[in-house]
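Novice: predicted coordinates and the sequence they were generated for:
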Amino acid sequence: MMKDSLREVLSSCNLCPRHCSADRMAGGTGYCGQTAEIFAARAALHFWEEPCISGTSGSGTVFFSGCSLRCIYCQNREIALGNQGQVISLERLSQIFLELQEKGANNINLVTPTHYVPQIRLALIAAKKQGLTLPIVYNTGGYEEVETLRMLDGLIGIYLPDLKYRSSAPAARFSNCPDYFEKASLALQEMYRQVGDPVFDASTGLMRRGMIVRHLLLPGQVGESKRVLRWLHDTFGDHVYVSIMNQYTPMPQIAADPAFEDINRRVTDEEYERLLSFAEMIGIERGFLQEGETAKESFIPPFTGEGL
């Protein structure tokens, strides 16, 4: 894809399942809230991913502003709404990838990248020509179009998607997308087609290729989470890793809205243990779990423009 093709795609943007058809080249915005300009909030080493992603040196993470999901409980809400960040050029994005490599990053980690896929593709190709050799991590909420993912075929080494819901009701209520599973299930299968079974560095234990699917347990949603894990295991078996997370933290926007009173609390130890027991019972062996007081920890870095 050259820059002329980029103009064609972004003049009627249907990169995500929202299919807004916004003319982002002319300054229009769709659901993600972003024009064709690349808007990012941070580019720095990040230590709060799964151990095989962060390692001890950190993951070279670029946080993009805007989001095609904007879940009501989002911890990165200030950038998901597109209110935080600054414009960077395509050439600058490519240089950022190389700078993160020079800082000792284990990989390049693209957070919420969906609405910038055409630009990211061009920036990655340019950076690779200039010596970028790190695995590229595509870190997404899972609400993706297969055709958009195919633009990245051969460029992404590690897919790190969420699978948030199996049913349409919670997807509609919490993320305003009743078709979430319909789209995410196809997207995850395309991701696996591209990267295949997990490959690790024998000396460091870092993932070099493969897929880790994250699932965040929400308060009162153990049944829904079981349906998610059942589908994942039935579909992929032990060919992908599953990261089962208990770090849900009620954010101010939840406390301010009585309609979400039922999730204005942390997940209990009993809820999480029930889900982990279920995962073991159905045979999930390749996975990550969270221990300790994760809900009291801050996984939100300062979005001050560092590294941009």
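Specialist: Looks like it came in fine.

Novice: what stretches of the stretch 151-300 of the chain score poorly on pLDDT?
Specialist: When residues are selected by pLDDT under 70, those of the stretch 151-300 of the chain lie in 292-299.

Novice: go with 90
Specialist: For the stretch 151-300 of the chain, applying pLDDT under 90 flags the ranges 291-300.

Novice: helices of that one, residue ranges please.
Specialist: Applying DSSP state H, counting those that start in this stretch to the stretch 151-300 of the chain gives helices spanning 168-175, 180-195, 222-236, 252-255, 269-282.

Novice: the closest residue to Ser11 other than its chain neighbours - how many residues pack around it?
Specialist: Once flanking residues are discounted, Ser11 sits nearest to Met25: 4.8 Å by C-beta to C-beta, 6 or more residues apart in numbering. Bear in mind the C-beta positions are built from the backbone N, C-alpha and C, glycine included. The local packing of Met25 (other C-beta atoms under 10 Å) involves 17 other residues.

Novice: before we move on, the earlier item: now for the helices of the stretch 151-300 of the chain, which one comes closest to Asn107?
Specialist: Checking the helices of the stretch 151-300 of the chain against Asn107 by C-beta to C-beta gives helix 180-195 as the closest, at 12.9 Å.

Novice: what comes up buried for that closest one?
Specialist: Residues Tyr180, Phe181, Lys183, Ala184, Ala187, Leu188, Glu190, Met191, Tyr192, Gln194, Val195 are the ones in helix 180-195 that count as buried (16 or more other C-beta atoms under 10 Å).

Novice: centroid-nearest residue for this structure?
Specialist: Geometric centre of the chain, nearest residue: Thr140, 2.0 Å, by C-alpha atoms, centre = their mean.

Novice: show me what contacts the nearest residue to it once chain neighbours are set aside?
Specialist: The spatial neighbour of Thr140 that comes closest, neighbours along the chain excluded (C-beta to C-beta, 6+ apart), is Pro161 at 4.9 Å. By C-beta atoms under 8 Å, 6 or more residues apart in numbering, the residues touching Pro161 are 138-142, 144, 184, 187-188, 191, 211, 213-214.

Novice: how about these in TSV, adding distance to Cys67?
Specialist: Formatted as TSV, the contacts of Pro161 follow (distance: C-beta to C-beta, whole Å):
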residue	distance to Cys67
Tyr138	14
Asn139	12
Thr140	10
Gly141	7
Gly142	12
Glu144	12
Ala184	15
Ala187	15
Leu188	18
Met191	18
Met211	21
Val213	19
Arg214	16
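
Novice: for the residue nearest to Ser11, which three-state class applies?
Specialist: Here Met25 is recorded as helix under DSSP: H, G, I helix; E, B strand; the rest coil.

Novice: now Ile120, nearest residue through space, not along the chain?
Specialist: What sits nearest to Ile120 in space, not counting adjacent residues and going by C-beta to C-beta, 6+ apart, is Pro113, at 5.6 Å.

Novice: my guess is the one you found contacts Phe64. True?
Specialist: Yes - under the criterion of C-beta atoms under 8 Å, Pro113 makes contact with Phe64 at 5.6 Å.

Novice: buried residues in stretch 58-77?
Specialist: Neighbour-count burial for stretch 58-77 flags 58-74, 76-77 (criterion: 16+ other C-beta under 10 Å).

Novice: where along this structure do the strands fall?
Specialist: 38-46, 59-64, 86-88, 108-111, 136-140, 158-161, 199-200, 207-216, 241-245, 287-289 (DSSP state E).

Novice: between those, which one is closest to Ile120.
Specialist: Proximity to Ile120 (C-beta to C-beta) singles out strand 108-111 among the strands of the chain, at 6.3 Å.

Novice: neighbouring strands for the closest one, and are they parallel or not?
Specialist: strand 59-64 (parallel), strand 136-140 (parallel) (DSSP bridges).
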